[in-house]
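[1] dropping a prediction and its sequence here:
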Amino acid sequence: MSTLVITDLHVKIEDKEILKGVNLTINTGEIHAIMGPNGTGKSTLASAIMGHPKYEVTQGSITLDGEDVLEMEVDERARAGLFLGMQYPSEISGVTNADFMRSAMNARREEGDEISLMKFIRELDKKMDVLDMDQDMAQRYLNEGFSGGEKKRNEILQMMMIKPKIAVLDEIDSGLDIDALKVVSEGVNQMRGEDFGCLIITHYQRLLNYITPDHVHVMMQGRVVKSGGEELSHKLEAEGYDWIKAELGIEDETVGQEA
Amino acid sequence: MEGETNVTVETNIKVTEQDVRSFSASHKEPEEFTNLRIQALAAAEALPLPKPDKTKIDKWNFTEFPVHAVESSTYSSLEELPEEVKSVVDLEQKNIYIQHNNTPAYSALSEDLKAKGVILTDIFTAIREHSDLVGKYFMKEAVRAEEHKLTSLHAALLNGGVFLYVPKNVEIEEPVQVVFIHDDEQASLFNHVLVVADTSSKVTYVENYFSTIPHSNGLANIVSEVIAEDNASITYGAVDVLAEGFTTYVNRRGIAKRDARIEWAIGMMNDSDTISENTTHLIGDNSIGDTKMVVVGRGTQKQNFTTQVIHWGKNSDGQILKHGVMKDSASSIFNGIGKIEHGATKANAEQESRVLMLSPAARGDANPILLIDEDDVTAGHAASVGRVDPLQLYYLMSRGITKQEAERLVIHGFLAPVVNVLPIEGVKKQLTEVIERKVR
């Protein structure tokens, strides 16, 4: 079992503190969902876990199986077992999707032990089938000219190929129609198991109809303010966030970002 | 030598008319050609250097070199080629010319093409045996000897090169390959390439300048003339990998006549200081010029790449795509010129220049120029100079790819639009490997 532990995490971007003490523990075998209105720090948490260059951790710690994640470079975090499905993946011209993914997989293997081309293609074809992706996507340049939905599927495809210990999915459902949402959910559900933990960040309860979370957390003002089981997401769907604000005496749930 | 105290090495040869005469005679050149050389030599004294925009070259050495020509070995089969050269040549390649420094070293042309009248031969043989064709095209339409000091020196000192002629209506499917091997520090390359595609013919020509030694004391003054007669089509691929120490002037110029097409795919991978001019004259109506060029500069290299398409014909279409990568304290100027002459109605001139800087001391200027003397035309340009996008690196690294590998991927991707269109697999692979070596 692997465990990602986030303790008292404070993060700022361009001198503005966004996260103000986040505590969260994710084990493999568990699916966590973080919900919350816009501007409460959810995506910042995702970026800080992966090591986005613009985010600065000012206090607290992140560890993966006891190893200090904050001391690691972005690529080291990934090879240690972390994955971030991004909200806005970069487009990289001239690099095919397939070449990129093979590089990513080989980065985890010793020199001389690279994955064989045949094996790679077989695996890629299989996963692309699950995600209902056109075979020609493999030879297209990475994310270049991809539609919003294609980009999201491509993020999930990478996750399925790389098989991380802990994946963070940052608004993987935004902008997806219901069919695409089902397909993406199927990808995540196939990964589900004792060797895989997941943190799903979303605005919408809808996604959680297809991926049942073990734990649901609510973020406000740069902190996790409430945690519960799957039932919490249903309550949020039915009643919104106001009852939590009332319960905790919060007036403005955001961290002061412009909406 | 015993008693010899003067150990000064003579490196500054001043070529005299007599030297040129005897060089010409040793190659049994016809009198007109000898005279052309002599006139050019005389003219060179007074003619000015070319003036590549934004690069001052008056202190560069374009005139002093160790020897006019060196004698190198020939090859009786492709099997005998040096190992590193073999990697760019398919041993099954039937239509090929190989030059070893200044020596025509190997030449082959399939029986089928010979029967169709195709000519592929070293330039000396062409001057002797095909004086009608050479006389018609050599430094007549594309490049003129009297343009400036370097073109005249080139004509006077020509010491290598190749002639390819494709007769009317002949279409050659397989690429014709030419390799210029450089492995003698004393060698200078005054190579002249003349490619003529006669009416409605079609050919793909790919050349390689290949230094297998790291340093040169010589000059490279290279001229390619590429003539596409009416309705002809020429694809011209080139990968230049000349050693540090050369002063390189390379002028590749095309003439596209009515309905003709010239496509260039050029990888400029020299380690030498380099002035490159690549011009396509779209003379005929409906002619097409397509130029793709990639460049990598490193060390303290200074380079200037001027790429021009000049529209004379109506409805002519010119495209320029240049991608350059600069590292260390290399500096490069990328001049892109789209010129539409009066009368070239419905012409379209497009260009794009992108420069990627890998280190703070590197310099790259993209300088797009449109000169338009006609109203009814379309034209456009895009240019950018920038660094590797940190968010792209972040994205790649977030999948476990190291920073170095991520940079490599981004750079390869950046240069892919040209690398991918090179028509010979071995040459494409070579270019990829050279890029790898140069950007590491």
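    The structure has been received and is ready for your questions.
[2] shaky segments in the chain?
    Going with chain A. Within chain A, the ranges that satisfy pLDDT under 70 run A:256-259.
[3] switch to chain B, that's the one I care about
    Using pLDDT under 70, chain B drops low at B:1-13.
[4] do that again at 80, thanks
    B:1-14 (pLDDT under 80).
[5] ok, the residue nearest to A:Ala180 when sequence neighbours are not counted to chain B distance?
    Spatial nearest neighbour of A:Ala180, chain neighbours left out: A:Gly149 (4.6 Å); criterion: CB to CB, 6 or more residues apart in numbering or on different chains. The way it works is simple: take the backbone N, C-alpha and C, and place the C-beta from them, glycine included. Note on A:Gly149: its distance to chain B, by CB to the nearest CB, to the nearest Å, is 18 Å.
[6] A:Gly149: how many residues sit nearby?
    Here the number of neighbours of A:Gly149 (other CB atoms under 10 Å in any protein chain shown) works out to 16.
[7] right, and it touches A:Asp177 too?
    Yes - using CB atoms under 8 Å, A:Gly149 is in contact with A:Asp177, at 7.1 Å.
[8] please, where are all the helices along chain A?
    A:42-50, A:74-80, A:97-106, A:117-130, A:148-162, A:178-191, A:230-239, A:242-248 (DSSP state H).
[9] what is the longest one packed up against?
    Under the contact criterion of 3 or more CB pairs under 8 Å, 6 or more residues apart in numbering or on different chains; DSSP states H and E, the helices and strands touching helix A:148-162 comprise strand A:82-85, helix A:97-106, helix A:117-130, strand A:166-170, helix A:178-191.
[10] quick one: these as TSV, columns for distance to A:Thr202 too.
    Listed next are the helices and strands packed on helix A:148-162 as TSV, based on distance: least, CB to CB, whole Å:
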stretch	distance to A:Thr202
strand A:82-85	12
helix A:97-106	25
helix A:117-130	21
strand A:166-170	8
helix A:178-191	11
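[11] got these as a markdown table, with mean neighbour count columns?
    Conversion of the helices and strands packed on helix A:148-162 to a markdown table gives the following (neighbours: other CB atoms under 10 Å in any protein chain shown):
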| stretch | mean neighbour count |
| --- | --- |
| strand A:82-85 | 26 |
| helix A:97-106 | 20 |
| helix A:117-130 | 14 |
| strand A:166-170 | 26 |
| helix A:178-191 | 18 |
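[12] centre of the chain to stretch B:68-75, how far?
    Distance, stretch centre to chain centre, for stretch B:68-75: 21 Å (CA atoms, centre = their mean, to the nearest Å).
[13] list the contacts for the closest residue to B:Lys257 other than its chain neighbours?
    Sequence neighbours aside, B:Gly284 is the residue nearest to B:Lys257 in space, at 4.0 Å (criterion: CB to CB, 6+ apart). B:Gly284 sits next to B:Asp230, B:Ala256, B:Lys257, B:Arg258, B:Asp259, B:Ala260, B:Trp312, B:Gly313, B:Ser316 when contact means CB atoms under 8 Å, 6 or more residues apart in numbering or on different chains.
[14] repeat the analysis, applying 6 Å as the threshold.
    Counting by CB atoms under 6 Å, 6 or more residues apart in numbering or on different chains, B:Gly284 touches B:Lys257, B:Arg258, B:Ala260, B:Gly313.
[15] wait, the residue nearest to A:Ala180 sits on A:Asp179?
    No - using CB atoms under 6 Å, A:Gly149 is not in contact with A:Asp179; the gap is 9.1 Å.
[16] so what sits against both of the two?
    In contact with both A:Gly149 and A:Asp179: no residue, using CB under 6 Å, 6+ apart.
[17] show me what A:Leu84 is bridged to.
    Counting by DSSP bridges, A:Leu84 is bridged to A:Val168.
[18] cool, B:Thr248 as well?
    B:Ala220, B:Thr274.
[19] surely it and B:Asn221 touch.
    No - applying CB under 6 Å as the test, B:Thr248 and B:Asn221 come out as separate, 8.1 Å apart.
[20] anything in contact with each of those two?
    If you check B:Thr248 and B:Asn221 against CB under 6 Å, 6+ apart, no residue is contacted by both.
[21] measure the residue lying closest to A:Val184 once chain neighbours are set aside to A:Phe83 for me?
    Using CB to CB, 6+ apart and skipping residues adjacent in sequence, the residue nearest A:Val184 is A:Ile156, 5.3 Å away. In this view, A:Ile156 and A:Phe83 are 10 Å apart by CB to CB, to the nearest Å.
[22] up against chain B, what does the stretch 101-250 of chain A have?
    Residues of the stretch 101-250 of chain A found near chain B (CB under 6 Å from any CB of the partner chain) are A:Ser103, A:Ala104, A:Ala107, A:Arg108.
[23] closest to B:Tyr97 out of the residues you listed?
    Nearest to B:Tyr97 among these: A:Ser103, at 38.3 Å, using CB to CB.
[24] of the contacts of B:Gly284 - the most surrounded one?
    The contacts of B:Gly284, ranked by neighbours (other CB under 10 Å): first place B:Ala260, 29 neighbours.
[25] verify the stated contact: that one with B:Ala232.
    Yes - B:Ala260 is within contact range of B:Ala232, at 5.0 Å (criterion: CB under 6 Å).
[26] which strand or helix spans whatever residue of chain B ends up closest to chain A?
    Here chain B gets closest to chain A at one residue, B:Gly413, 2.8 Å apart by CB to the nearest CB. Using DSSP states H and E, B:Gly413 sits within helix B:403-419.
[27] count of neighbours near the closest residue to chain B within chain A?
    When scored by CB to the nearest CB, chain A has A:Gly94 as its residue closest to chain B, at 2.8 Å. Residues lying near A:Gly94 (other CB under 10 Å) number 21.
[28] nearest spatial neighbour of it, skipping sequence neighbours?
    Nearest one to A:Gly94, counting by CB to CB, 6+ apart, is B:Gly413 at 2.8 Å.
[29] could you pull out the helices in the stretch 1-150 of chain B for me?
    Assigned helices in the stretch 1-150 of chain B, in chain order: B:17-26, B:31-46, B:83-86, B:111-115, B:123-129, B:131-137, B:149-157 (criterion: DSSP state H, counting those that start in this stretch).
[30] how about B:Lys322, phi and psi?
    Main-chain dihedrals, B:Lys322, degrees, to the nearest 10: phi -130, psi 130.
[31] who's in contact with it?
    B:Met293, B:Phe334, B:Ser353.
[32] list the beta-bridge partners for it.
    B:Met293, B:Ser353.
[33] and it, how close does it get to B:Gln351?
    In terms of CB to CB, B:Lys322 sits 8 Å off from B:Gln351.
[34] go on, B:Thr55?
    Look at B:Thr55 and B:Gln351: by CB to CB, they are 19 Å apart.
[35] compare the two (neighbour count), which wins?
    B:Gln351 (26 against 19).
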